[in-house]
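Engineer: Here's my sequence, what's the structure:
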Amino acid sequence: MLYIARHPHPPSGYHKLIGGTMRVFMSVAFPWMVFVAMTSIAAMAQTSGVTADLAGTVFDQTGAVLPGVMITVTGNSTGLTRTVVSEEKGLFLVQNLPSGTYTVKAEFSGFTTVTLTSVTVTLGQRVNLPIRMSVGSVAETVTVTEESTPVVETSKTEVSSLVNERAINDMPINIRNPLQFILTTPGTTTQRTTTGSNYSFGGGRARNNSSNIDGVDNNDDAIRGFMAQPSLDAVKEFQVLASNYSAEFGRASGGVVNTILKSGTNDINGSAFYYIRDRAFAANNFFVNANQANPPNFKPYFRQQQFGGALGGPIKKNKLFFFGSYEHFRTNAFSVVTISQANTDTINNVLAGNYASVPGLGPNFPRGIKLGYTKIGGPGSFPRTQRRHITVEKLDWQPTANDSFYFRHLFNRNENGTPGSALNDNTRNANDFKGDTSSYVGSYTRIISTHTLNELRYQYAPSTSGDIVDDPIGPGINISGVANIGRNLNQPQGRSQRRSQFLDNVSWQTGKHQVKFGADINRVRRISSLPGTNAGNLGGLGGVFTFANLAAFLDGNATNFFQGFGASGTNQLSWNYGFFVQDNFLIHRSLTLNAGVRYELQTNPDVNNILDPTPREVNRDSNNFGPRIGLAYSPGSSGKTVIRAGYGIYYDLLFGNITGNLGQFNGLTVKTLTLVGADAAARFRGQNFGFPAGAFPNVPPPSGLGNQVWTSPSPIPDASFPPQAITTADPDLPTAYSQQAQLTVERQVAPNLSISTMYMLNRGVKYPALRNVNLPAPIIINGRPTYNINARASELPDQRISINNRFEPNGSSTYHALAVSAVKRFSRNTQFNASWTYSHAIDFIPDAIFDNPFTQNQLNMRDDRGNSLQDQRHRFLFSGVFVLPKNESLLGKVFGNFSLAPIATLGTGVFYNITTGTDSNGDGQTGTDRPLGVGRNTFRGDSTLNYDLRVSRNIGVGENRKIQVIAEGFNIFNTTNFSNYNTVWGTGAYPSTPNATFGTPTASGASLGGGGIIDVPARVIQFGIRYSF
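Structural biologist: The predicted model follows:
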């Protein structure tokens, strides 16, 4: 009804989509909900996703098991209390515990009571806690105050890492982005493609990952990137699941990131912070120093500030708690524009119609046209700004020992002000950005019995984002190498996503089995407006003229004119269903089996195209069953060694950019017109398109150029367009998936220290890949198929269209890795995490849409099988926190309460593709063709080294209050880590010798605002102060 109210006339195919969805709901989801209601069992949280389990065995002094022991677990900060009784074999299990520190009490008649006051459980952990009791009076108590949690998790089977509160608070994380902790996990690397989550797991695409915050979805389904980012002060723990995670997690064939936000406790706790960095404490990168045009000691202006705070505490002790946080991020920088003042004056006089003041104005320039564009700014520096607001509000309520609720709101607002974007550009042809993201979550947990839990979650997550065009005048005018004027061809863009998520899981423990099963249903509405290659309906776009140089502009000699017609954007609805069953079976005290299966189903919107005008749903792949199995064996009785093995199948999502392109670039919704050479020049000089008069009634004639926006007719007029390029999909396009396997040996080698060795295999298959299926028959030239589609248009198989870029399930990837890790949890003022990974990643193409998604030989894609962009053979990482204690020694008095937190990364060079720089085989793609005999991604860049360091000192200002003074350095040794190179081999279609500049670096480090574990272009120093209580 909500859809009908908003859209009185639903689009074609809507009833089919809803009907199919209702059939799925009635046949699968509805019986599931009835079963839950009839058995009075709802769900437990996905334990590995938001909470932890505390399991163990009770023994007497002889080693015999003790059944019937009462185990009481009490949260030290919230008073949360759970009570269970050990079973026949002395086993006990306390499920769904929020991460934190607990007191565990064991009571049994005829035995001394045992109390462990410092048992820590962390996100996704299943702690195995042995309890030994001695004969005696119950009134007698043995209290253990030291950390009681085992170092090695003997029942864990997945590849994962956890970042605790100490690391979150003390590590040098640039721009305070918790996602950078992902790279502390073996098998992960930074993304080298344009879009997605920014991270690669197991050599996979950056779109293959998933993010959860408080156990609910935090993903942008259009691009498969992450959505909201919480403030670091609001994050309690951060978990990375890299491989072989359980059936509880889905909608990702790569990795899963779990973030848990803080809650209030029985004590008032809070913080306030301020961080600042300035160019005075930053070094120039390699390319700024190499630019001879810069004056001596030149530093581009830059200032970044972050400030905010958090506050949490009780509203009613042990019952009702609150937590809230706010963070503001602001960056001010400048982009340098180097256009000459003479060129600026010439262009501005033309725009104002002052033709007499324009020397060199050619006789063919249409002097009768007053262009009326906003004047360009000329040479100088133009401001570039970024603003971000982050808020969290959370309430936790425990009305009874068996019931708990929480309500949480997370909000992000991002605002960017960006000047022009090309060459010697200026403030024209620019756009700003604004985006809002919210997540509203409600959760209810009911403890039915000591064996059964019930949790229900619901999320509503709306988001909107869009560009604000600085200069709306059109058409755009691009003068190559000089300036871009007027409306940006690709702007404005805007999109929104509305997610409604229902999540319901069941956990039931019986004997040695802990069985979970659950349902996760997502309704996602995506609305986009993407003018890009079409005219757009956000005010319209009058096309764009391209000129080879300023002289060509002054003569009116355009080399290219591009115009789009039709409605831009899509309005699409998808439903994502996930159902799982998981059994954690304790076969023996030393052997655990985790086995499960997950079923995924995605419904897709209806699309059509000029070849098949009837709307049809993009293929609904309904056989997506993903088995998961893991084994953990701990030989002996010490619990210090564990051998883990696992295998699983993990299904991906068909992301919205694909269905959006299918719905928009179909030859019906949008049509484009391109004029070149004399035709383009004639159009600019005042002649017509060459179409019949009146064919485009809403497009003004050239004399209408002026202070108006050209609009595009929608619907498209009946006119003779040239054959269009379209995007289609394989009618049987399946859901991509990965097969993941791992074998790990972990050993505790010292108190609080373990080392592990792991082998990991990830195999991705059926990833969507683009291929033009409307190529003419190839002609073999120099041993390679050549098409020359521009000259052989009459030979195209389907004359109704020019290009048919079809999504097919031809993408695949393979990843092998060997990793050695050492992890020391905090003790004796030290904790650290060190890892070395040796890996090899292989694939065909880097992405389904961006980063040259085509292969060189579109008739044999396996010719492009080679090193992946994500392939980094060796990667070493060390991170740690070292606290210098205060004592009576001289060093203790001077350096006491100082903390040092380093992050060091060292990696071998990554791979780049050597190309000819031109469309050598004439298939319409310029970035894929390589010199003869050269394989894909065979140029290796230089090794990288990055060292970050945080130095801080705590100053006590009263009981439980302190001020922390902070200095952080990113890339403190100012190492130049090149991130791109000129890999164009030579000139011409088949160059035999390289260019003189081949292999020279063209960029270094990450973009502005990156850093931390990610390489930064040059050293940056940041200072901060933090007050906490």
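
Engineer: Tell me how many other residues crowd residue 332.
Structural biologist: 15 (other CB atoms under 10 Å). In short, each C-beta sits where N, CA and C put it, glycine included.

Engineer: State the distance from it to residue 968.
Structural biologist: Separation of residue 332 from residue 968 (CB to CB, to the nearest Å): 19 Å.

Engineer: cool, residue 738 as well?
Structural biologist: On the measure of CB to CB, residue 738 and residue 968 end up 37 Å apart.

Engineer: more neighbours, these two?
Structural biologist: Higher neighbour count among residue 738 and residue 968: residue 738, with 28 against 24, using other CB under 10 Å.

Engineer: Can you tell me who the more buried one pairs with across the strands?
Structural biologist: Listed beta-bridge partners, residue 738: residue 650, residue 764 (assigned using DSSP bridges).

Engineer: That one against residue 650, yeah?
Structural biologist: Yes - with contact defined as CB atoms under 8 Å, residue 738 counts as touching residue 650 (5.0 Å).

Engineer: Could the C-alpha coordinates of stretch 649-664 be exported in CSV?
Structural biologist: Output in CSV follows, covering the C-alpha atoms of stretch 649-664 (Å, rounded to 0.1, in the frame of the first residue of the first chain):
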residue,chain,number,x,y,z
ILE,A,649,30.5,-21.5,-0.1
TYR,A,650,29.5,-17.8,0.2
TYR,A,651,27.1,-16.1,-2.1
ASP,A,652,27.3,-12.5,-3.2
LEU,A,653,24.6,-10.0,-4.2
LEU,A,654,23.9,-8.6,-7.7
PHE,A,655,24.6,-5.0,-6.8
GLY,A,656,22.4,-2.1,-7.9
ASN,A,657,24.8,-0.5,-10.4
ILE,A,658,24.3,-3.5,-12.6
THR,A,659,20.5,-3.5,-12.5
GLY,A,660,20.5,0.3,-12.8
ASN,A,661,22.6,0.2,-16.0
LEU,A,662,20.3,-2.5,-17.4
GLY,A,663,17.3,-0.2,-16.7
GLN,A,664,18.8,2.9,-18.1
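
Engineer: Would you mark the buried spots in stretch 150-165?
Structural biologist: Of all the residues in stretch 150-165, those buried under the rule 16 or more other CB atoms under 10 Å are 150-164.

Engineer: Quick check: mean pLDDT of it?
Structural biologist: Confidence for stretch 150-165, expressed as mean pLDDT, is 90.

Engineer: Also stretch 168-183?
Structural biologist: 89.

Engineer: for it, the distance to its chain's centre please.
Structural biologist: In terms of CA atoms, centre = their mean, to the nearest Å, the centre of stretch 168-183 is set 15 Å apart from its chain centre.

Engineer: so how far is the first residue of that stretch from its last?
Structural biologist: Start and end residues of stretch 168-183 are separated by 14 Å (CA to CA, to the nearest Å).

Engineer: For the closest residue to residue 525 other than its chain neighbours, identify the helix or strand it belongs to.
Structural biologist: Leaving aside its sequence neighbours, residue 525 sits nearest to residue 498 (CB to CB, 6 or more residues apart in numbering; 4.4 Å). Per DSSP states H and E: residue 498 is located in strand 494-510.

Engineer: Quick one: list the elements packing against the helix or strand following that strand.
Structural biologist: Per DSSP H and E, strand 494-510 leads on to strand 513-529 as the next helix or strand towards the C-terminus. Packing partners of strand 513-529 (3 or more CB pairs under 8 Å, 6 or more residues apart in numbering; DSSP states H and E): strand 494-510, strand 570-588, helix 656-664.
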